[in-house]
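[1] I'd like to go over a predicted model; first the sequence, then the structure.
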Amino acid sequence: MKASTRRNLGLAVIPLLIATMFLQAAIDPSVREINKGQKTAFQGLSGEFVLGPLLGLQQAVAGLLWVRADEFFHSGDYDAILPIVRMVTWLDPHQLDVYITGAWHLAYNFTDSSERSDRRYIPASQRLLEEGDANNPEIYDIAFELGWQNSDKIKDFARAEYWYRKASGRHGADERGQAKAPVPMFVWHQLAHSLARLGRLEESVDVWKKALSMSEDFVKKNPTDFSRRNVRDSEVHNLELTQKRIFSRYKHELDWEVDAKVGKGVNRETGEPLSRDTYVFVTGSEVSQKAAAYAKAGLSAPAMAVGLPRPPAIEPMWNTAFDVRPVFTAPKVLEVKGRFNVGDGARVTVRLHDDTYRNAQLKEFSFDINQDQTLMLDQHSVRAGTFGRKVDMSKDPKMYSFKGDTYYLVFEFNPRATSPFIHDRFGWSGEGMTDPKYLWTDSSLQPDVRWVRKVYRITRDQVFGASIPESAVVSNEEYARMMAEPMTTK
Amino acid sequence: MAAAVSIQGLTKKYLDVWNKAEITAVDNLNLEVNEGEIFGFLGRNGAGKTTTIKMLLGLIFPTSGSATVLGKPVGDTDAKAQISYLPEEAYFYESMTGWDCMDFYGRLFRIPEPQRSKRIQKALEDVFLDPKAWRRPLRGYSKGMRQRIGIAQALINDPKLLFLDEPTSGLDPIAHRELRDIIVNVGKQGKTVFLSSHQLPDVELVCSRVAIIHQGKLLASGTIQDLTTGDTVEISADRVSESLAGRIRGVVPAAELVGQRLHISAADPSKVNDVVDLIRGGGATLLSVKPHKRMLEDVFVDVVMNEGGA
Amino acid sequence: MVTLAIAKQTLEDMLRRKILLVLLIIAVGMIALGPSVGFLSPRESSAVLRSLGLAVILLAGLLITILSGIQVIPTEIERRTIYTVLSKPVQRYEFVLGKFLGGIFTVFVMIAAMGVVFLSVLAWQEKRFDPEMLKGVVLTFFQMTLLGALAIFFSTFATPVVNFFLSFGLFIVGNLSSVTDSLISNKNPATRIMANAVHYIIPNFGNFNLQNKLIHPSVEISNANVFIVQNIVYAVIYSAVLLLLAILVFDKREV
Ligand SMILES: Nc1ncnc2c1ncn2[C@@H]1O[C@H](COP(=O)(O)OP(=O)(O)OP(=O)(O)O)[C@@H](O)[C@H]1O
Ligand SMILES: [Mg+2]
């Protein structure tokens, strides 16, 4: 090759290299979008898996790791799973099922010898889900799981409602190539249930109606989709049920007359007045419009609007006559004996925890729980007006280390978490119940909830057998104030 | 007659990486090869033959000096189209069939079809490669068959100038003779052949002119006749005494006494008589007086030995 | 054309190698076995099937590209077949280009074979053809083209063993583009300079990793098709740079 040709070829390299730099700058933003949320952390990856991420195979490595985690699930080696969950979600932050399975595992699979789960893992479980949700902010799955965990496991229906509502505004990721699939109807159903649990019944009815109209539309367009017809039918059923419960629990019989007078309760298609049995298609907001309707009809408006106590004239307040005596019969062995005047099947929550424990949220996800912390939660069913059993915490020192000096021992009944037949008696928010000693109204959420709760502040000595005097009882207000404080670490 | 190859002051130094020593493989070489001749390029192992040929083909680059091939500077594509090369111990693409290999080389020479197929056929026939082997992979070829493919690929472009680097090494006597005849034939077609070889009898038979290099330096060059002039006479005698041997050495210094036997080679015929007289007069027995034709090999050994090489 | 003749010869020579056949069989086997990872949820198994399929194609493509890229020229020199080629009216640049093209044709044939199997398995498994995956396979091919050009460039002056570590090492460094991208805004000026150098000068193989988007349809980027075209252009231009350099080095190389 001639020297001049060589020089010219050499010079041609320079503009080409500059062109690649400009291209690189143009490509970078897209690469950032693609890799959002993905961490390139290699620590802790075993040899055979390190190479993958180095070659840009994060997703495949994550998949293989997850396949491997399955072995540990089968062998029950749960401790091995958590690091894999962490690794997989770092490598591939879009593996929704890994977040969900990992969080489920954290919240449900660590138990003591009596199958009580280790609640200390719940903040970690929640945080993992929240991280996954932040990495997949358009998809409903993880938000739904957060809703489910908050209602099923934690019984925090306000947070459940928050997450279900978020989930309902998202779209599905199930269908390939149909990334924007609408969320499945069960998301709306759970949202409606959580609203009902919160006593926000009008909104619950609205959600059922919204769900129903979506299903109606869908069935109209896809008349042969029988599974969706089933969904539609269950929505009709739930809507009816909720409305009937509202009516039976909160409505004066006079409603019927009122409705007849103001022209409500007609079949929309035929215009005929509806019979009582089919009188369900009153919109949720219409329920509250009733108050105005009473006035318009010239009737005195009774205290019957949703969320208020049942009129004593119809049924007197129910005295639950709650009380409980805890005794540590042996070190860390708690015997509970209590009475509670409600129907069989209501559950009293028994909770024992350090005075430093709070319902704090984790900022960063971590599997490392505070091993020195003690948190026991048990549910005692009421039978024939009594409840209680032995809670043996002596066999699980890892879970119940009792390192602290002071503890709170809490017995509580939350009417929102209970079953419908007890709601029938007390209303959704405990409006129909009262207790001379331990009634406590939580007004942090609206409408108010009326709890029954007895709290002891006990010492380590008492956990190890010293008797617990009634003077150890602290007021509900004091306990609520304490739990609202931020977490302090000793 | 125009020069097919013309070499001026060509030098190639290799740097031995391990002991940092410089090896001068070719040392200030000047050489002319005329068009149409079969030129023998002789030298011991490591003399620099292959190095010279590779420089002439542009495979390696000279440290200094220059050369033209077919009147063009080394590396010229037009010139290369009329050159061909059979490397020493040539290797080809083992998985190709003989035919495909030839076809590939034909394409490299930019010979279009259908001419290419005809040329391949002719070249393979010219080297007497068994047609049954044409469509078999080279992997299964014997050394002789490979060498034939090597020559055939050097013929495919109907070249003006062929560089053949030890084309006959390692062949059985019959194959050897066949290949030698092929080269002679090539020469008869008026092509120039630059033949590097150790096979001095072959060279003597085939070549019109030779050059001998040693340690990169040109020691001798010329026609075979020029180089082999001066036949010798070999005299042996028995029962030669030490004193007689001394007298004979006064005439022919290279006389060798082994025991009582004397061996002498005398180039000058006038000295033969003197020596025979001395032997007879000295009481020794004259065993034989043999005239000896000087061969290229003798020239080679003389030239190289005189240079003092090991 | 001489270049194409050399490319054809190289392709045929490569395809006759048993190692490539073995690689292809293993890769195809692994792709075909993908659907048998059965315990996962449908969404998980879809992601695993896709990521494993793309990963197998990438890994096999990587091995094939590196093996052929580091070998094609040194083998010619080692077996001395190069003498008969370069002594013919063949320009050295034609030889380099022919060898590069031959290697890339080989990679193309192998990736295409694996791609067809992968897309068929996927279509059979999910009862529909997913054109997105084709984009992944195409980008992998261009990523390998760039890697092949890199290996060819190194092979003009480095031994195959050295070349293996150089090419493979740069492939890994070039794959860390998201790391270098984030380091560019580092506070430490030395780190910034290093990161910029690595990010803009070393061939950026990380650009081609579209898997995250392909496997998870929810990952959206504003201009996916432009992105793909940009990457192909990047691969072509950068390969051209490497080939120019390879030609310049090889022109002065003694064989
Ligand atoms: N690449 C190289 N690096 C270093 N030295 C070399 C190289 N190639 C050849 N030589 C040395 O150059 C000298 C000449 O070698 P060359 O191959 O030209 O000899 P030759 O005459 O062809 O010998 P032979 O008859 O054995 O083929 C030798 O001493 C050899 O060791
Ligand atoms: Mg030689």
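    Looks like it arrived, so ask away. What you see is a predicted model; the values in this text were computed from it and never measured. Numbers count the residues shown, from 1 in each chain, chains lettered A, B, ... in the order given. Ligands and ions are numbered 1, 2, ... in the order given.
[2] from here on, contacts and neighbour counts on C-alpha atoms
    Fine.
[3] where along chain C do the helices fall?
    Taking DSSP state H, the helices of chain C run over residues C:2-15, C:18-33, C:42-78, C:81-86, C:92-126, C:131-155, C:160-175, C:177-183, C:189-200, C:211-215, C:224-251.
[4] can you list those in CSV and add mean pLDDT?
    Shown next, in CSV, are these (pLDDT from 0 to 100):
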stretch, mean pLDDT
helix C:2-15, 95
helix C:18-33, 91
helix C:42-78, 88
helix C:81-86, 94
helix C:92-126, 94
helix C:131-155, 94
helix C:160-175, 92
helix C:177-183, 75
helix C:189-200, 85
helix C:211-215, 74
helix C:224-251, 95
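[5] how about the ones you listed in JSON lines, adding mean neighbour count?
    Output for the helices of chain C, formatted as JSON lines (neighbours: other C-alpha atoms under 10 Å in any protein chain shown):
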{"stretch": "helix C:2-15", "mean neighbour count": "21"}
{"stretch": "helix C:18-33", "mean neighbour count": "17"}
{"stretch": "helix C:42-78", "mean neighbour count": "23"}
{"stretch": "helix C:81-86", "mean neighbour count": "20"}
{"stretch": "helix C:92-126", "mean neighbour count": "21"}
{"stretch": "helix C:131-155", "mean neighbour count": "24"}
{"stretch": "helix C:160-175", "mean neighbour count": "19"}
{"stretch": "helix C:177-183", "mean neighbour count": "20"}
{"stretch": "helix C:189-200", "mean neighbour count": "17"}
{"stretch": "helix C:211-215", "mean neighbour count": "24"}
{"stretch": "helix C:224-251", "mean neighbour count": "20"}
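[6] Three-state assignment for the closest residue to residue A:483 other than its chain neighbours, please.
    Leaving aside its chain neighbours, residue A:483 sits nearest to residue A:358 (5.6 Å; criterion: C-alpha to C-alpha, 6 or more residues apart in numbering or on different chains). Under DSSP: H, G, I helix; E, B strand; the rest coil, the three-state class of residue A:358 is coil.
[7] Any idea how many residues pack against residue A:358?
    Using other C-alpha atoms under 10 Å in any protein chain shown, residue A:358 has 15 other residues around it.
[8] what about it, distance to chain C?
    Distance, residue A:358 to chain C, by C-alpha to the nearest C-alpha, to the nearest Å: 36 Å.
[9] returning to what we had before: so which of the helices of chain C is nearest ligand 1?
    Closest to ligand 1 of the helices of chain C, according to C-alpha to the nearest ligand atom: helix C:42-78, at 11.7 Å.
[10] In contact with residue 150, which residues?
    Just so you know, I chose chain A. Counting by C-alpha atoms under 8 Å, 6 or more residues apart in numbering or on different chains, residue A:150 touches A:156-157, A:159-160.
[11] I was thinking of chain C, sorry if that wasn't clear
    By C-alpha under 8 Å, 6+ apart, the residues touching residue C:150 are C:167, C:239, C:242.
[12] Format those residues as CSV; extra columns: distance to residue A:428.
    Shown next, in CSV, are the contacts of residue C:150 (distance: C-alpha to C-alpha, whole Å):
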residue, distance to residue A:428
C:167, 69
C:239, 71
C:242, 74
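[13] residues touching the residue in the stretch 51-200 of chain B that ligand 1 sits nearest to, list them.
    Distance from ligand 1 to each residue of the stretch 51-200 of chain B (C-alpha to the nearest ligand atom) is smallest for residue B:51, at 3.6 Å. Contact analysis of residue B:51 by C-alpha under 8 Å, 6+ apart lists B:12, B:25-26, B:60.
[14] go on, residue A:35?
    Counted by C-alpha under 8 Å, 6+ apart, residue A:35 has contacts C:178, C:212.
[15] Give me the pLDDT value at it.
    Per-residue pLDDT puts residue A:35 at 73.
[16] now residue B:234
    On pLDDT, residue B:234 comes in at 79.
[17] Measure how buried it is and give me the count.
    15.
[18] got the contact list for stretch C:7-23?
    Against stretch C:7-23 from outside (C-alpha under 8 Å, 6+ apart): B:93, B:95, B:104, C:60, C:64, C:68, C:72, C:97-103, C:105-106.
[19] Check these and tell me the two furthest apart.
    Largest separation among the contacts of stretch C:7-23 by C-alpha to C-alpha: B:104 and C:60, giving 29.7 Å.
[20] Show the low-confidence segments of the chain, by residue range.
    I'll assume chain A. Filtered on pLDDT under 70, chain A yields the residue ranges A:37-54, A:173-179, A:244, A:247-316, A:359-365, A:486-490.
[21] oops, chain B please
    Scanning chain B for pLDDT under 70 picks out B:1, B:19, B:230-231, B:266-267, B:308-310.
[22] interface residues of it facing ligand 1?
    Within chain B, the positions near ligand 1 by C-alpha under 6 Å from any ligand atom are B:14, B:16, B:25, B:43-51.
[23] what do you get for the stretch 151-300 of chain A?
    By C-alpha under 6 Å from any ligand atom, no residue of the stretch 151-300 of chain A approaches ligand 1.
[24] Please enumerate the strands of the stretch 151-300 of chain A.
    Using DSSP state E, counting those that start in this stretch, the strands found in the stretch 151-300 of chain A span residues A:171-172, A:181-182.
[25] Equivalent analysis for the stretch 51-200 of chain B, please.
    Using DSSP E, counting those that start in this stretch, the strands of the stretch 51-200 of chain B run over B:64-69, B:72-73, B:83-86, B:161-165, B:192-197.
[26] Does residue B:286 fall in a helix, a strand, or a coil region?
    Under the three-state scheme (three-state DSSP), residue B:286 adopts strand.
[27] try the one 5 residues further on
    For residue B:291, the secondary-structure state derived from three-state DSSP is strand.
[28] Assumed residue A:334 was part of a strand.
    Yes. The assignment for residue A:334 (three-state DSSP) places it in a strand.
[29] can you pull the contacts of it?
    When contacts are counted by C-alpha under 8 Å, 6+ apart, residue A:334 touches A:326-328, A:390-393, A:463.
[30] Relative to chain C, how far out is it?
    According to C-alpha to the nearest C-alpha, residue A:334 and chain C sit 42 Å apart.
[31] so which strand or helix has the nearest residue to that residue once chain neighbours are set aside?
    Leaving aside its chain neighbours, residue A:334 sits nearest to residue A:328 (4.4 Å; criterion: C-alpha to C-alpha, 6+ apart). For residue A:328, the element it lies in under DSSP states H and E is strand A:323-330.
[32] Now do the buried residues in stretch A:389-397.
    A:391-394 (16 or more other C-alpha atoms under 10 Å in any protein chain shown).
[33] just stretch B:281-288 next, same as before
    B:282, B:284-286.
[34] I'd say residue B:30 and residue B:217 touch.
    No. Contact criterion C-alpha atoms under 8 Å: residue B:30 and residue B:217 do not qualify, at 9.1 Å.
[35] And the two? Which one has more around it.
    Legend: neighbour count by other C-alpha under 10 Å for residue B:30 and residue B:217, higher for residue B:217 (20 against 16).
[36] Residue A:137 should be in a strand, yeah?
    No. Applying three-state DSSP, one finds residue A:137 to be coil, outside a strand.
[37] To what extent is it buried, counted in neighbours?
    18.
[38] and it, backbone torsions?
    As for residue A:137, its main-chain torsions (degrees, to the nearest 10) stand at phi -70, psi 0.
[39] what does chain C put close to chain B?
    Residues of chain C that fall close to chain B, judged by C-alpha under 8 Å from any C-alpha of the partner chain: C:1-2, C:5-6, C:9, C:13, C:16, C:79-81, C:83-91, C:253-255.
[40] follow-up on the earlier one: which other helices and strands contact the strand holding residue A:328?
    Here strand A:323-330 touches strand A:333-339, going by 3 or more C-alpha pairs under 8 Å, 6 or more residues apart in numbering or on different chains; DSSP states H and E.
[41] Single out the residue in chain A that lies closest to chain C.
    residue A:60 (4.7 Å; C-alpha to the nearest C-alpha).
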